[in-house]
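[1] below is the sequence, then the predicted model.
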Amino acid sequence: MSDTVIRTEGLSKTFVFGFLRRKVRALEGLSLEVKRGEVFGFLGPNGAGKTTTIKLLMGLCFPTKGRALVLGRPVPDVRAQLRVGFLPENPYFYDYLSGAELLDLCGRLCGLPARERRFRVERLLGHVGLADAASRPLRKYSKGMLQRLGLAQALINDPELVILDEPMTGLDPIGRKEIRDLIAELRGEGKTVFFSTHILPDVELLCDRVGIIAGGQLRDVGRLGELLSPRVLETEVVLDVPAGVDLRPLAGRARELRAQDGGTVAVLDEAAVDGFLQAALAAGAHVVSVAPRKERLEDLFLRQVAAAPRAAATDAAAAGGEA
């Protein structure tokens, strides 16, 4: 059994629009590998090429150049697709069905026998916290409930690989935590999860590796510990300033000096910290904390996006084009 569950080789997609056949490049030369058992975060701003990539992986559209392999088979391949669970960004469910009826329908489409369907529907509804809403029509489900049900339908065939397109979009903090917990459980069961997002805190909490895409091109890929610079970017010093102590002479030593509830915060370059602390103590201030800040995922993400060429169209526009 191969250790690589997703492989793309020079994957490119150009859409053609309108009467004048205007060409829009949505994806260019994507070469990427996702390993078995990992949670892989596919990061990018809106219009970066995330949804186009996922549609290519699922065989919903076809590449202009390059190729994709899922579970060792070239896309599209029915035998591989039967081992994949998929949740699109904006799924459409028949709102007159109940949660149990929708999962039963998905099980039928996957070819599951009736007894196995009943067992999996009941287990999955409980797993995603919807057992009490099993018979409720979907039009009465909240956004978070629909997302959890969408994840359940992606798991009805007990897939080896789960592909999720923006699973956190539109959810409140509680809903996001519930989806994060479910993804973490899938990793614990040995499943591979590939999900796209632009919500960076979720990536930092969940992902074994990340890929950053911008302007249709892969900008960086790897573990966060490998991608983020260990260099200290700045240091934040919090001071307790007694009445009568004047910190105005210190303003020239700090990049930023601001008052906040409970103290004064100074943001400094690393080389200026020692001199600032000595001057602050000499002025009569008390040091509450000194916190060096290294590069975060947000810093890396913004740097890579800024360096990328501007995308000519959003994923949403590209989805309506013709190859």
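    On my side now, so go ahead.
[2] my read: S2 touches G72, true?
    Yes: with contacts defined as C-beta atoms under 8 Å, S2 counts as touching G72 at a distance of 4.9 Å. Placement of C-beta: from N, CA and C, glycine included.
[3] which of those two has more neighbours?
    G72 (13 against 10; other C-beta atoms under 10 Å).
[4] would you confirm that that one contacts R79?
    No: look at G72 against R79 with C-beta under 8 Å: they stay out of range, at 10.0 Å.
[5] spatially central residue for this protein, please.
    Closest residue to the average C-alpha location of the chain: T197 at 2.9 Å, with C-alpha atoms, centre = their mean.
[6] who is that one paired with across the strands?
    L43 (DSSP bridges).
[7] do T235 as well
    Beta bridges link T235 to L268, P292 when assigned by DSSP bridges.
[8] for it, give me its contacts.
    By C-beta atoms under 8 Å, 6 or more residues apart in numbering, T235 lies in contact with V267, L268, D269, E270, V273, V290, A291, P292, R293.
[9] out of those, which is most surrounded?
    With neighbours defined as other C-beta under 10 Å, the most crowded of these is L268; it has 22 neighbours.
[10] need the contact list for that residue.
    For L268, the contact set (C-beta under 8 Å, 6+ apart) comprises E234, T235, E236, V237, R253, A254, R255, F276.
[11] switch to 6 Å and redo it
    Contact analysis of L268 by C-beta atoms under 6 Å, 6 or more residues apart in numbering lists T235, A254, F276.
[12] how far away is it from D240?
    17 Å (C-beta to C-beta, to the nearest Å).
[13] likewise S289?
    Counting by C-beta to C-beta, the separation of S289 from D240 is 10 Å.
[14] ditto for E166
    44 Å.
[15] which of these two has more residues huddled nearby?
    Ranked by neighbour count (other C-beta under 10 Å), E166 and D240 place E166 first, with 22 against 13.
[16] how about the nearest residue to that one, chain neighbours excluded?
    Of all residues not flanking E166 in the chain, E89 sits nearest, at 4.3 Å (C-beta to C-beta, 6 or more residues apart in numbering).
[17] which SS state does that neighbour fall under?
    Secondary structure assignment for E89 (DSSP: H, G, I helix; E, B strand; the rest coil): coil.
[18] state the pLDDT value of it.
    Per-residue pLDDT puts E89 at 84.
[19] give me the neighbour count for A251.
    Other residues close to A251 by other C-beta under 10 Å number 10.
[20] check the one 10 residues further on too.
    When counting by other C-beta under 10 Å, one arrives at 4 neighbours for D261.
[21] how about V210?
    For V210, using other C-beta under 10 Å, the count is 24.
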